[in-house]
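Participant: My questions concern the predicted model and sequence given below.
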Amino acid sequence: MSGRNLTHCFVLLSTTVLVANPVSAAVPTKILGFDDMSCRAWAASRSDAEQRALHVAWLRGVLTGHNYANPGQQVATISPATVEQFVNRYCSEKPAAQFSDAAFRLSDQFSGRNAPITK
């Protein structure tokens, strides 16, 4: 499978996670992503441009899924560099966390769910 097709596959899977499994306190979110979603894996991908690009594409797919599931609280256009900077900061502050958690915090921050964003 080519890198481009693999990227599309991850974006689709990321979108499916948010659409098919709404957040619930009783049911944990099933993350359909990479075998290792740790911040340690995120940091290690810094030296592998292709792996980092796949991670960023997956994260942007999660944001797209958020937009699909929450049309009233859209994440605005956000660059891959902004996504990468956000996750770098998140993982440096929480090295034992999963970078998938950073995607959810990113959607919170850039959609206005936990901040006064007006559109």
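Facilitator: Received the coordinates, thanks.
Participant: Count residues in the vicinity of Ser38, would you?
Facilitator: 16 (other C-beta atoms under 10 Å). (Each C-beta comes from the backbone N, C-alpha and C, glycine too.)
Participant: Ok, the one 10 residues further on next?
Facilitator: Per other C-beta under 10 Å, the neighbour tally for Asp48 reads 11.
Participant: and if you look at Val27?
Facilitator: Neighbour number of Val27 under other C-beta under 10 Å is 9.
Participant: any idea of the pLDDT on it?
Facilitator: pLDDT recorded at Val27 is 81.
Participant: Please apply the same query to Thr16.
Facilitator: 45.
Participant: Give me the buried positions along the helix or strand encompassing Ala53.
Facilitator: Using DSSP states H and E, Ala53 falls within helix 49-69. Buried positions in helix 49-69, judged by neighbour count with 16 or more other C-beta atoms under 10 Å: 51-52, 54-67, 69.
Participant: Report all helices and strands that the helix or strand following it contacts.
Facilitator: Per DSSP H and E, helix 49-69 leads on to helix 80-93 as the next helix or strand towards the C-terminus. Where contact means 3 or more C-beta pairs under 8 Å, 6 or more residues apart in numbering; DSSP states H and E, helix 80-93 is packed against helix 39-44, helix 49-69, helix 99-111.
Participant: In a markdown table, list these along with distance to Val27 and mean pLDDT.
Facilitator: Formatted as a markdown table, the helices and strands packed on helix 80-93 follow (distance: least, C-beta to C-beta, whole Å; pLDDT from 0 to 100):
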| stretch | distance to Val27 | mean pLDDT |
| --- | --- | --- |
| helix 39-44 | 24 | 96 |
| helix 49-69 | 15 | 93 |
| helix 99-111 | 15 | 89 |
